[in-house]
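Asker: Curious how this folds, go ahead:
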Amino acid sequence: MKKKSAELLITPEKASIIEMPKAMHRRNFLVQLGFGASAAAFLAACKKDDDNNNKPDDAIDLGSGDPGILNYAYALEQLEAAFYTQVISSPFSGITASETALLTDIRDHEIAHREFFKTALGSAAIPALTPNFSSINFGDRSSVLGAAKTFEDLGVAAYNGAGKLIQSEDYLLLAGKIVSVEARHAAYIRDLISNGSFADNTAVDANGLDKALPPSEVLMAASGFLTSKIYGGNLPTA
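Answerer: Residues are numbered from 1 along each chain as shown. As a prediction, the model looks like this:
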């Protein structure tokens with residue numbers, strides 16, 4: 001029997017969405033990123049045959065198989081992109097020029113990740129989500145960096161946990177490339193909070209391995225920053 005994943009809440013507090021500078025057909029976009037023939041196979045796989053017996057009527061279904069995992073990643077990238085867009089549009093008090101430059105880089109990386117998943121998924125993509133950042137004081141450095149640490153550590157653990165669930169070797173490679181960038185973000189944010197904490201024992205275990213979390217735990221952890229219900233009951237679990 002499939003394990004039912006946690007439902008996720010996602011709220012309205014409109015975050016600015018920065019569109020890709022130029023529209024591009026999703027098949028061409030995938031080919032440019034090196035996915036060639038596998039892109040066509042993925043797009044065909046996006047026709048879902050899900051078991052929705054337990055899905056609430058008002059919930060957004062992430063889907064199943066690789067398309068479901070990509071939608072899962074897309075939801076998290078939407079959240080991160082919206083957060084850093086807000087950080088840069090309303091900087092916290094005392095932000096330095098270096099912090100502004102590097103946090104802007106992180107924003108741009110998250111937007112690029114978000115737009116990749118949106119383009120790759122095409123009509124199978126979940127709707128744009130609206131965040132609830134009411135618990136974050138964007139004018140306060142500690143509040144912003146604390147939230148950034150939560151998002152980055154969660155993102156790394158999410159990709160690490162989802163890797164074993166991905167069937168396509170191409171998309172597994174892509175996930176590996178993205179999680180390495182997310183880990184760079186996490187290390188930078190951790191050092192802004194406490195210099196030298198980039199890989200302490202709250203992030204890396206005794207074997208020198210980063211933490212990994214299953215989708216159900218990640219969705220539960222992210223729920224406080226979101227409002228619409230998201231259903232992950234069709235995601236693979238093994």
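Asker: quick one, helices of this structure?
Answerer: All helices of the chain, identified by DSSP state H, fall at 26-32, 36-45, 65-89, 97-121, 141-162, 169-193, 215-222.
Asker: winner for burial among the ones you listed?
Answerer: Comparing the helices of the chain by mean neighbour count (mean count of other C-beta atoms under 10 Å), helix 65-89 ranks first with a mean of 23. For the C-beta atoms, the positions are set from N, CA and C on the backbone; glycine is no exception.
Asker: distance of Pro131 from Leu79?
Answerer: Look at Pro131 and Leu79: by C-beta to C-beta, to the nearest Å, they are 6 Å apart.
Asker: thinking again about what came up before, closest to Ala59 out of the helices of the chain?
Answerer: With distances scored as C-beta to C-beta, the stretch of the helices of the chain nearest to Ala59 is helix 215-222 (11.4 Å).
Asker: CA atoms only: put the closest one into CSV for me.
Answerer: What follows is the C-alpha trace of helix 215-222 in CSV, where atoms were taken according to Å, rounded to 0.1, in the frame of the first residue of the first chain:
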residue,chain,number,x,y,z
PRO,A,215,8.9,14.2,0.9
SER,A,216,6.3,13.6,3.7
GLU,A,217,8.6,15.2,6.3
VAL,A,218,9.7,18.0,4.0
LEU,A,219,6.1,19.0,3.1
MET,A,220,5.2,19.0,6.8
ALA,A,221,8.2,21.3,7.6
ALA,A,222,7.3,23.6,4.8
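Asker: Helix 65-89 and that helix, what's the angle between them?
Answerer: Compare the direction of helix 215-222 with that of helix 65-89 by axes from the mean of the first three to the mean of the last three C-alpha atoms, to 10 degrees and you get 20 degrees.
Asker: Now do helix 215-222: which elements does it pack against?
Answerer: helix 65-89, helix 141-162 (3 or more C-beta pairs under 8 Å, 6 or more residues apart in numbering; DSSP states H and E).
Asker: Can you tell me which residue sits nearest the middle of this protein?
Answerer: Compute the mean C-alpha point of the chain, and by C-alpha atoms, centre = their mean the closest residue is Leu76, 2.5 Å away.
Asker: could the helices and strands packed on helix 215-222 be laid out in a markdown table, adding distance to His185 and mean pLDDT?
Answerer: Shown next, in a markdown table, are those (distance: least, C-beta to C-beta, whole Å; pLDDT from 0 to 100):
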| stretch | distance to His185 | mean pLDDT |
| --- | --- | --- |
| helix 65-89 | 9 | 98 |
| helix 141-162 | 5 | 97 |
